[in-house]
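>>> Compute the structure for the input listed below.
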Amino acid sequence: MRGVALLILGLGLSACGESSSSAGGGGAGAPGGGGAPSGGASGSGGNAGSAGSVDSGLGGAADSGTNIAFPELALAVSGSGFVTRAGAPFVPNQAISCCGGGYGWPLVDTAWIDFVRGYGVNWLHVRLGPWRTVPGAEDEWALVGGAYAEQGGLAVLEQFNPAFWAKLEELVSYAGTQGMRVEIDVVDGWGLKHALSDDYGPKWPYHPWSAWNNSGGVDHVTAAGTLEIPAGSVYDAWVRKVAEHTCKYGNVTLEDGNEISLKQGYVPAFSQSIGNIYWDECKKRGFLLDGVPFRPLLGTQSESADTLSAPQIAYGEFHKDSAIAPSLCQGKPCGVNEYNPDPPLAPLALASEVCAARQAGTWFSYWRHGQSAAQMAETLSLIQSGCP
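Numbers count the residues shown, from 1 in each chain. Model prediction:
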């Protein structure tokens, strides 16, 4: 096994509900079980953005204090690559269902999981937003609703929607039963940048943190990404809510936020504090792996060298149309997880980028980006067939 600098995954279990004091719901296969929680969103105290390194070590071979679903799927970092909990190299083969309608985007659905599993995909990607499901937003999710409860046509930021979080757990759990990891985009930067500019407006209905979209009439978009997350803020409550419903799964990894650095005023401290708050919530809730708090790996899509070099960050992801060199990676695992050429990459061209990335020691995820069903199948088949 390369190197000994293993970045921990770790986990813990404690009752987590829709508010900081209520009991939490567990999806299928979730340890702790329980029904869907209800209540308000509030963060617990402490310095949300206090500096801290990611612990080293995955713990001992025996599960002395493991209360996580799919602990065998936990990942760690060794040198510039990933390893499994057993110490075997893990080669990312990620498939992302965006865009073109269907397949559960911005999350996934079981149809996508079943489809890509047949091609050997081992890593999925979901974007929690937050987003709304009214017309003009992510309306394919209208039956479930978004992360926040809605009242009178407005998001209620003090109350979460139990159905959304239960569905998220159901999907993460189902992926785990299929041996697949799920990358959780915690605070999506794409929604924030467009909510700030309102270039899809006027008064784009998408983002619940826009003043015109929430019942408090408060603008939480402008400051998002520009600061170390304050304790008790709407951002703190959001990250803790994400942790509540995902930290119980060993097949979870984290991404700070897609295109987070494209949000005006972005600072690396925002990404660092996402990790600190998330792991703090895991610890408070008692999620344990081998007797130590579970700390799923946190990656960054900021494309910022300062962010990527921070101790909280385990890996990096980039928007590029071609494979990247390890020189961009600050000595950590990194790869490409989005590209949007128009017309979309042909199957052979995309598969060639996957192979170029693997040869370089990085990765190039499958991003649907408008491919037809036939192109998807051909591309994934070529990737599965391996590289010269």
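
>>> quick one: which helix or strand includes residue 76?
Assessed by DSSP states H and E, residue 76 sits inside strand 75-78.

>>> And residue 245, by the same measure?
Applying DSSP H and E, one finds residue 245 within helix 234-246.

>>> what about dumping the CA coordinates of that helix to PDB?
Presented in PDB, the C-alpha positions along helix 234-246 are these (Å, rounded to 0.1, in the frame of the first residue of the first chain):
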ATOM      1  CA  VAL A 234     -28.600  29.000   8.200                       C
ATOM      2  CA  TYR A 235     -25.500  27.500   6.600                       C
ATOM      3  CA  ASP A 236     -24.500  25.900   9.800                       C
ATOM      4  CA  ALA A 237     -28.000  24.300  10.200                       C
ATOM      5  CA  TRP A 238     -27.800  23.100   6.600                       C
ATOM      6  CA  VAL A 239     -24.500  21.400   6.900                       C
ATOM      7  CA  ARG A 240     -25.500  19.800  10.100                       C
ATOM      8  CA  LYS A 241     -28.700  18.500   8.500                       C
ATOM      9  CA  VAL A 242     -26.700  17.000   5.700                       C
ATOM     10  CA  ALA A 243     -24.500  15.300   8.200                       C
ATOM     11  CA  GLU A 244     -27.500  14.000  10.200                       C
ATOM     12  CA  HIS A 245     -28.800  12.000   7.200                       C
ATOM     13  CA  THR A 246     -25.500  11.000   5.500                       C
END
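
>>> Please name every helix or strand in contact with the strand holding residue 76.
strand 81-84 (3 or more CB pairs under 8 Å, 6 or more residues apart in numbering; DSSP states H and E). To be clear about C-beta, it is placed using only N, CA and C from the backbone, and glycine gets the same treatment.

>>> The stretch 101-250 of the chain: helices as residue ranges?
Along the stretch 101-250 of the chain, counting by DSSP state H, counting those that start in this stretch, helices occupy 110-117, 162-177, 189-197, 234-246.

>>> Parallel or antiparallel, which strands does the helix or strand just after the helix holding residue 245 pair with?
Remark: after helix 234-246, the chain's next helix or strand is strand 252-255, criterion DSSP H and E. Each strand that pairs with strand 252-255, with its direction, by DSSP bridges: strand 181-185 (parallel), strand 298-300 (parallel).

>>> Switch those strands over to CSV; also include mean neighbour count and distance to residue 291.
Below are these laid out as CSV (neighbours: other CB atoms under 10 Å; distance: least, CB to CB, whole Å):
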stretch, mean neighbour count, distance to residue 291
strand 181-185, 26, 22
strand 298-300, 27, 21
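
>>> Export those to CSV and append columns for mean pLDDT and distance to residue 93.
Output for the strands paired with strand 252-255, formatted as CSV (pLDDT from 0 to 100; distance: least, CB to CB, whole Å):
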stretch, mean pLDDT, distance to residue 93
strand 181-185, 98, 10
strand 298-300, 98, 16
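
>>> Including distance to residue 155, could these go into TSV?
Converted to TSV, the strands paired with strand 252-255 look like this (distance: least, CB to CB, whole Å):
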stretch	distance to residue 155
strand 181-185	19
strand 298-300	26
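
>>> For residue 134, find the nearest of those.
strand 181-185 (20.9 Å; CB to CB).

>>> and the angle from the closest one to helix 162-177?
Relative orientation of strand 181-185 and helix 162-177, computed by axes from the mean of the first three to the mean of the last three CA atoms, to 10 degrees: 150 degrees.
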